[in-house]
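# could you look at this predicted model? Sequence included:
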Amino acid sequence: MEQNNYRNTEQDRRLQELEKKLEAVFSHIATTNEELAKIKIDVCWLKKFFWVVVVSSVGGLIGALINLLITIK
């Protein structure tokens, strides 16, 4: 009987340690998810910047083609 009590106590202690470690890991995962969500939102300006670059590049190409057509005639 004494040995069973010792085993139960030891198992309870190990489970408590494991629960603490898991809680720390889950807390870290939650924090990481929040940070990644903020980064995902902050990338919106980068998309707008590349959109402006693409539009200006296409505009420049169209202008160059029109200039080429005018100078050929």
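Okay, I see it. All values reported here derive from a predicted model rather than from experimental measurement.

# in this protein, which spans are strands?
For the chain, no strands turn up when DSSP state E is the criterion.

# from residue 52, how far off is the residue nearest the centre of the chain?
Ranked by distance to the mean C-alpha position of the chain (CA atoms, centre = their mean), the top residue is residue 36 at 3.6 Å. To residue 52, residue 36 is 26 Å away according to CB to CB, to the nearest Å. Every residue, glycine included, has its C-beta placed from N, CA and C.

# which stretches of this structure have low pLDDT?
Low-confidence segments of the chain (pLDDT under 70): 1, 73.

# and it, what are its domains?
Domain assignment for the chain, taken from automatic domain parsing, gives 1-42, 44-73.

# any idea which helix is longest in this protein?
Counting residues, the longest helix found in the chain (DSSP state H) is helix 2-42.

# now residue 38: how far from residue 30?
With CB to CB as the criterion, residue 38 and residue 30 are 13 Å apart.

# cool, residue 13 as well?
Distance from residue 13 to residue 30, by CB to CB: 26 Å.

# cool, and residue 47?
Shown here: residue 47 relative to residue 30, a distance of 27 Å by CB to CB.

# and residue 53, by the same measure?
As for residue 53, its distance to residue 30 is 36 Å (criterion: CB to CB).

# got it, and residue 24?
11 Å.

# what does residue 49 give?
The gap separating residue 49 from residue 30 is 31 Å, by CB to CB.

# before we move on, what about residue 46?
Computed as CB to CB, the residue 46 to residue 30 distance reads 26 Å.

# what's the answer for residue 15, then?
For residue 15 relative to residue 30 (CB to CB), the value is 22 Å.

# ends of stretch 40-48, what's the gap?
14 Å (CA to CA, to the nearest Å).

# count of neighbours near residue 18?
10 (other CB atoms under 10 Å).

# equivalent analysis for residue 12, please.
By the criterion of other CB under 10 Å, residue 12 has 10 neighbours.

# how much space separates it from residue 6?
Counting by CB to CB, the gap from residue 12 to residue 6 is 11 Å.

# swap in residue 53?
Counting by CB to CB, the separation of residue 53 from residue 6 is 70 Å.
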